[in-house]
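[1] Attaching a predicted model along with its sequence, questions to come.
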Amino acid sequence: VEVKKNEDGSGTLVFASGTTVNFSGTKSMTATAYTAGHGGVDYTTATGTFVKHGVVAVDKRVIPLGTRMYIVTNDGIVYGLATAEDTGVRGNVIDLYHETYRQCIEFGRRSCTVYILEG
């Protein structure tokens, strides 16, 4: 993904396919990982959807529920497109859904950039 930033912090993500997505800004956050069936996590989210890759948990005071985003860790792991559909974290943390507990352990805790998508 190529990132084209404007002076005001907004910009455009350009994907290899040529598709472009505009973002209104970015947030530097700590990313953690979660999966259903561990740590009291259920299979449904705070918004009533089912957990799956692309569903993330946020502190809704930091990122409102329903926000679409694109997430990349600072060490190069692309989580990709995601939507804030769950809660359960506090502050400047984003919890990324993974399919297995092993993937969660391997991901651990990482610094990331969250692109807040428009529309």
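    Okay, I see it.

[2] Just grab the bridge partners of residue 50 for me.
    residue 44 (DSSP bridges).

[3] Check the spacing between it and residue 27 real quick.
    26 Å (C-beta to C-beta, to the nearest Å). For glycine as for every other residue, the C-beta is placed from the backbone atoms N, C-alpha and C.

[4] who's more crowded, these two?
    Taking neighbours as other C-beta atoms under 10 Å, residue 50 and residue 27 compare with residue 27 leading, 15 against 11.

[5] Spit out the contact partners of the more buried one.
    By C-beta atoms under 8 Å, 6 or more residues apart in numbering, the residues touching residue 27 are 62, 63, 92, 113, 114, 116.

[6] Tabulate those in CSV, adding columns for neighbour count.
    Formatted as CSV, these follow (neighbours: other C-beta atoms under 10 Å):
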residue, neighbour count
62, 17
63, 20
92, 14
113, 16
114, 26
116, 18
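
[7] What is the most widely separated pair among those residues?
    62 and 113 (14.5 Å; C-beta to C-beta).

[8] Could you give me the buried positions within the lengthiest strand in the chain?
    Looking across the chain with DSSP state E, the single longest strand is strand 20-34. Using 16 or more other C-beta atoms under 10 Å as the test for burial, strand 20-34 gives 21, 23, 26, 29, 31, 32, 33, 34.

[9] Pull up the pairing partners for that strand, direction included.
    strand 11-14 (antiparallel), strand 93-97 (parallel), strand 110-117 (antiparallel).

[10] where's that strand relative to the chain centroid, distance-wise?
    Between the centre of strand 20-34 and the centre of its chain there are 6 Å (C-alpha atoms, centre = their mean, to the nearest Å).

[11] Just list what whichever helix or strand comes after that strand packs against, helices and strands only.
    The helix or strand immediately downstream of strand 20-34 is strand 55-57, counting by DSSP states H and E. With contacts taken as 3 or more C-beta pairs under 8 Å, 6 or more residues apart in numbering; DSSP states H and E, strand 55-57 sits against strand 78-86, strand 93-97.
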